[in-house]
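Novice: Could you work out the structure for the sequence below:
(2 chains)
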Amino acid sequence: MTQSNLAYKETLNEVEEEMEVHPKDKKLAMAHVYVAYVAFIIGVFGGLLQGLVRGGMIELPGWITYYQILTVHGVLLALVFTTYIIFGFFFAGMSKTHGAFPSGLRKLGWVGFTILSAGTALAAVMILANEASVLYTFYAPLQAHWLYYIGLTLFVVGTWVMGSALLAHFFNWKKAHPGQPTPLFGYMTTATLLLWIVASIGVAVTVLVQMLPWALGLTDEINVLLSRTLFWYFGHPLVYFWLMPAYMVWYLVIPKIIGGRLFSGSLARLAFALFLLFSIPVGFHHQLMESGISEFWKFLQTVLTFVVVVPSLLTAFSIFATFEQTGRAKGGKGLLGWLKKLPWGDARFFAPFMGMIIFIPAGAGGLINASFQLNAVIHNTLWVVGHFHLTVGTTVLLTFFGMSYWLIPVLTGRRFTKHANRCGIVQTWLWAIGMFFMSGAMHLLGLFGAPRRTAYGTYGDHPQAMQWFEGIFTSHVTVAIGGVILTAAGVLMFYNFIYLSFLAPKGKTEFPMTPDPIDTPNTPKFLENWKLWIGIAIVLIIFAYTIPIYQMIVDAPPGSPPFNFLIK
Amino acid sequence: MKMHLDEKIWLILSFGMIMLFTIFTGYQTFVLGLGPPSNMETIDPQKVEETAPFDAPGVYEIGENEYEVVMILEIFRFNPGDIEIPAGSTVHFTMTSKDVIHGIQIAGTNMNAMVTPGHIQTITQTFHEPGEYLVLCNEYCGIGHQHMATTITVY
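Specialist: Numbers count the residues shown, from 1 in each chain, chains lettered A, B, ... in the order given. This next block holds a predicted model:
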């Protein structure tokens, strides 16, 4: 270690003592957490009902439909919970690492929060009124009420406004500290937000240009393939919008919790820059089985899909190297002795750790899904549902739970007590066990042909459909049992949220943040060159999408009229 | 940027694995012709029944043990349904949708395709084993989606 590095490390530690989340920023961040967990618990019960209905155990009353609940479950958990908790994390973390927000930017944050929440409320009302059972992937030419599309537009605009506040805070810092490497938290937040903004342009265009005029009756027909393409242009980077904040917890928070420090900042930055580049031009891998897109373009985007695995593998290496270094520094001997030195009893570590472990089969499943020929076996089957309940439903969610255990008490000025920690450990086990049953059975049912997004049915007691109910493990009943365990885990998590928000004793909780790694002063300049990264990202998008989208518009068949009677 | 030797090995393995997957997928697609169903023909989705070949949906024998099925997918049925073919037949499906997005999947086989309005989808499947196969719609198409199914009987 060079002298300058040592000095750098010491100044950082001093600065760190002083940096706390500003009280006014705490309020803004906590507002996000409240909405997130209310959405979470409703979404969990939506999932429970789905599992029980699909397993043939209960029937829904006449005033609510399976597809309505499916829409509620998907929108609340995949969109509302994740978006709110991520922005809450960003506001808190940016305030801690880059200093308090200036009041103008904080106000901008509140404006964004208000727009986002108005959009969420509007969309929720339309879903509850059964005017929007089009699932969260839209499914034009199925048509929802136009107010649903307005709600979604407000949702996206709200995130853009909040994103501008966060980005402005980051670039202000950069301007005020010329030549210095930016704090990792800000770097990663910026990469994630840029990804989100570039990606959400796709969904904004399809909603504003295609669906809204069509739902208002201004246009008669819609270009279905184009709307699907624009949705999936957004739909896959959305996955990385969930995953990157989870990776931020792994890179920046977990090393501190286990008493170590991240071992390379440059590699962490590189991984995030690669995500920004490669996670957008890959949407066709959701459309492999459809007509109107040629094999060549599908293959090209599949290759890019494979490439985006690399930054994930890079992350796996960095995180486990940090674990090993820390474990050995604490006296762990032999090949695996360092494992024993990790804080297994600490829910802030254990929950994200289980998420990491589960990401191994989840990621392997993702590679299967992206492969053309294998995709034919699993496309639109329950396998896919099993897959994303591991990725976003376990890896990302367990990481966000682990984050909540310190983030909520930091924001509410309370203590993360032994009681809360014990609940967290039990919660993690319950979630993992429930998911083993539910996701495991879903994967296998998918291989036997059980479709996703489908209400209870036996297809006239066809033997192939009946076997989906009769298997010992491979059964809709196993899915439902897993769902019941997951619901118990969800309720426990909600209890912990209430406890840490309102009931836990007042006190000080640490915001765990790894000191910047010792290679920080040597961060290569190009990693901080945002114009370069955005430029390459746009070039890749243009390369992967221009010709196919041009064909979709120029060679388009006559459009489709609305079908709004089919969803009620 | 300094990299540890372990990390270099890990990165080389990662890239190597990705390259292998890419080559396998590409080889199967472009050399063996096992690409995903990607037909480029279009059709007016509001005039399906007036447009050939969909003005006469049905099962047509086009060669020895070779059939063409011209099929319209609509809420919430397959037309024609309850198809019967002899074992060992190769069946070429030509399909489109009259209304919303549908999917066709035959449980117990690898046949799986999206059928979107405005587009004609084609896919070929050979049925070796006799039996009654469940054909189902695997893409959400509205409130009766779970009832959209038929069978193919291989005798």
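
Novice: Number of residues surrounding residue 109?
Specialist: Let's take chain A. 27 (other C-beta atoms under 10 Å in any protein chain shown). Just so you know, the C-beta spots here come from the backbone N, C-alpha and C atoms, and that holds for glycine as well.

Novice: try chain B instead
Specialist: Neighbour tally, B:Thr109, other C-beta under 10 Å: 18.

Novice: Quick check: nearest residue in space to it, chain neighbours excluded?
Specialist: B:Gln125 (6.0 Å; C-beta to C-beta, 6 or more residues apart in numbering or on different chains).

Novice: Could you look up the SS state of the one you found?
Specialist: Here B:Gln125 is recorded as strand under DSSP: H, G, I helix; E, B strand; the rest coil.

Novice: which residues are there in the stretch 451-568 of chain A that come within reach of chain B?
Specialist: For the stretch 451-568 of chain A, the residues in contact with chain B (C-beta under 8 Å from any C-beta of the partner chain) are A:451-457, A:459-460, A:462-465, A:519, A:522, A:524, A:555-561, A:563, A:566-568.

Novice: Return the members of the residues you listed classed as buried.
Specialist: A:451-457, A:459, A:462, A:464-465, A:519, A:556-557, A:559-561, A:563, A:566-567 (16 or more other C-beta atoms under 10 Å in any protein chain shown).

Novice: pretty sure B:Phe78 contacts B:Thr150?
Specialist: Yes. The pair B:Phe78 and B:Thr150 passes the contact test of C-beta atoms under 8 Å, sitting 4.5 Å apart.

Novice: and for those two, which residues touch both?
Specialist: Shared contacts of B:Phe78 and B:Thr150, defined by C-beta atoms under 8 Å, 6 or more residues apart in numbering or on different chains, are found at B:Val135.

Novice: Can you tell me the element the spatially most central residue of chain B falls in?
Specialist: Nearest residue to the geometric centre of chain B (C-alpha atoms, centre = their mean): B:Ala113, 2.9 Å. Under the criterion of DSSP states H and E, B:Ala113 resides in strand B:112-115.

Novice: okay, B:Phe78 and B:Thr150: which has more neighbours?
Specialist: Neighbour totals were compared for B:Phe78 and B:Thr150, and B:Phe78 leads with 25 against 21 (other C-beta under 10 Å).

Novice: Tell me if A:Thr514 really is in a strand.
Specialist: No. A:Thr514: not assigned to a strand; according to three-state DSSP it is coil.

Novice: next one: phi and psi at the residue lying closest to it once chain neighbours are set aside?
Specialist: Closest residue to A:Thr514 apart from its sequence neighbours, by C-beta to C-beta, 6+ apart: A:Pro255 at 4.2 Å. Backbone torsions of A:Pro255, given as degrees, to the nearest 10, read phi -60, psi -40.

Novice: My read is that A:Pro255 contacts A:Thr326, right?
Specialist: Yes. Counting by C-beta under 8 Å, A:Pro255 does reach A:Thr326; the two are 7.1 Å apart.

Novice: Common neighbours of the two, please.
Specialist: Joint contacts of A:Pro255 and A:Thr326 (C-beta under 8 Å, 6+ apart) do not exist.

Novice: how about the residue of the stretch 451-568 of chain A found nearest chain B, what does it touch?
Specialist: For the stretch 451-568 of chain A, the residue closest to chain B is A:Leu566, as judged by C-beta to the nearest C-beta, at 3.0 Å. A:Leu566 is in contact with A:142, B:75, B:99-100, B:141-144, counting by C-beta under 8 Å, 6+ apart.

Novice: List the pairing partners of the strand holding B:Ala113 within its sheet, with orientation.
Specialist: Using DSSP bridges, the strands paired with strand B:112-115 are strand B:102-106 (antiparallel).

Novice: To which secondary structure element is A:Ile485 assigned?
Specialist: helix A:476-498.

Novice: can you give me the offset of that helix from its chain's centre?
Specialist: Chain-centre distance of helix A:476-498: 19 Å, with C-alpha atoms, centre = their mean, to the nearest Å.

Novice: buried sites along the helix or strand just after it?
Specialist: Following helix A:476-498 in sequence order, the next helix or strand is helix A:530-554 (DSSP H and E). Neighbour counts over helix A:530-554 (16+ other C-beta under 10 Å) mark A:530, A:533, A:537, A:540-541, A:544-545, A:548-549, A:551-552 as buried.

Novice: So which bits of the stretch 201-350 of chain A are right by chain B?
Specialist: Near chain B, when you scan the stretch 201-350 of chain A using C-beta under 8 Å from any C-beta, you find A:223-225, A:228, A:264, A:266-267, A:270, A:287-295, A:298-299, A:302-303, A:306-307, A:309-310, A:313-314, A:317, A:321.

Novice: who's in contact with residue 57?
Specialist: If you meant another chain, say so; for now it's chain A. Counted by C-beta under 8 Å, 6+ apart, A:Met57 has contacts A:477, A:480.

Novice: nope, chain B please
Specialist: Under the criterion of C-beta under 8 Å, 6+ apart, the neighbours of B:Pro57 are B:70-72, B:79-80.

Novice: Which single one of those is nearest to chain A?
Specialist: B:Met71 (13.6 Å).

Novice: I'd guess that closest one is in a strand, am I close?
Specialist: Yes. With three-state DSSP as the criterion, B:Met71 is part of a strand.

Novice: does it really touch B:Phe93, like I thought?
Specialist: Yes. Counting by C-beta under 8 Å, B:Phe93 is a contact partner of B:Met71 at 6.1 Å.

Novice: any shared contact partners between these two?
Specialist: Common neighbours of B:Met71 and B:Phe93 (C-beta under 8 Å, 6+ apart) are B:Ile104.

Novice: more neighbours, these two?
Specialist: B:Met71 (25 against 21).

Novice: Since that was my last question, I'll sign off now.
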